[in-house]
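>>> Any chance you can model this:
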Amino acid sequence: MEKIKVLFVCMGNICRSPTAEGVFTKLVKDQGLDAHFAIDSAGTHAYHIGKEPDLRSQAAALQRGIDLSNLRAREVRDEDFEDFDFLLAMDDDNYAILLNTCPEQYKAKIKYFLDYAPELNERQVPDPYFGGVYGFERVLDMIEEASAGFLTAVQASNDLTSSPT
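Coordinates of the predicted model:
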């Protein structure tokens with residue numbers, strides 16, 4: 001079975017999308033499903049290419065057992081639209097940018113990440129970059145909810161079983 005390829009997308013790829021990459025990676029690993037997924041993150045802007053995630057994102061994630069220190073920012077590439085099965089946007093701006101740059105045949109792959117957490121009654125993961133510590137905690141809470149919902153949705157439409165340990 002081919003891996004399910006997931007790309008989390010925000011603006012600069014140093015706060016929300018690497019946090020989502022880390023949270024979702026840990027979730028699938030904890031459930032023994034990591035062999036079924038290829039997970040990455042990227043930004044719609046080239047502000048921080050090659051940089052590690054924001055130190056506040058790293059600290060908040062590490063308190064929940066998620067290490068983001070090995071991740072590095074990159075920009076969304078044209079081939080991502082073909083290569084990934086899901087491109088999960090964090091907000092309206094990034095969703096619009098993805099739709100505007102995506103070839104028509106791949107547009108159905110672009111989704112709002114928070115659509116997988118309908119109980120939050122929100123569609124946008126707020127950018128915590130200019131906020132305080134609470135913003136990073138709130139983003140983590142939202143991303144954990146959406147990650148669980150996304151995994152449930154993917155499991156419902158695919159025959160995924162845990163990998164032998």
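
>>> how about the strands of this structure, start to end?
Remark: strands assigned in the chain by DSSP state E are 4-10, 37-43, 86-89, 110-112.

>>> What I need now is those strands written out in a markdown table, including mean pLDDT for each item.
Below are those laid out as a markdown table (pLDDT from 0 to 100):
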| stretch | mean pLDDT |
| --- | --- |
| strand 4-10 | 98 |
| strand 37-43 | 98 |
| strand 86-89 | 98 |
| strand 110-112 | 98 |
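
>>> TSV for those, including distance to residue 97 and mean neighbour count?
To be clear about C-beta, it is placed using only N, CA and C from the backbone, and glycine gets the same treatment. Shown next, in TSV, are the strands of the chain (distance: least, CB to CB, whole Å; neighbours: other CB atoms under 10 Å):
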stretch	distance to residue 97	mean neighbour count
strand 4-10	8	25
strand 37-43	10	22
strand 86-89	8	25
strand 110-112	10	19
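
>>> which stretch among those strands comes nearest residue 74?
strand 37-43 (5.1 Å; CB to CB).

>>> if we can go back for a sec, as a markdown table, the strands of the chain with distance to residue 76 would be great.
Shown next, in a markdown table, are these (distance: least, CB to CB, whole Å):
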| stretch | distance to residue 76 |
| --- | --- |
| strand 4-10 | 6 |
| strand 37-43 | 4 |
| strand 86-89 | 8 |
| strand 110-112 | 11 |
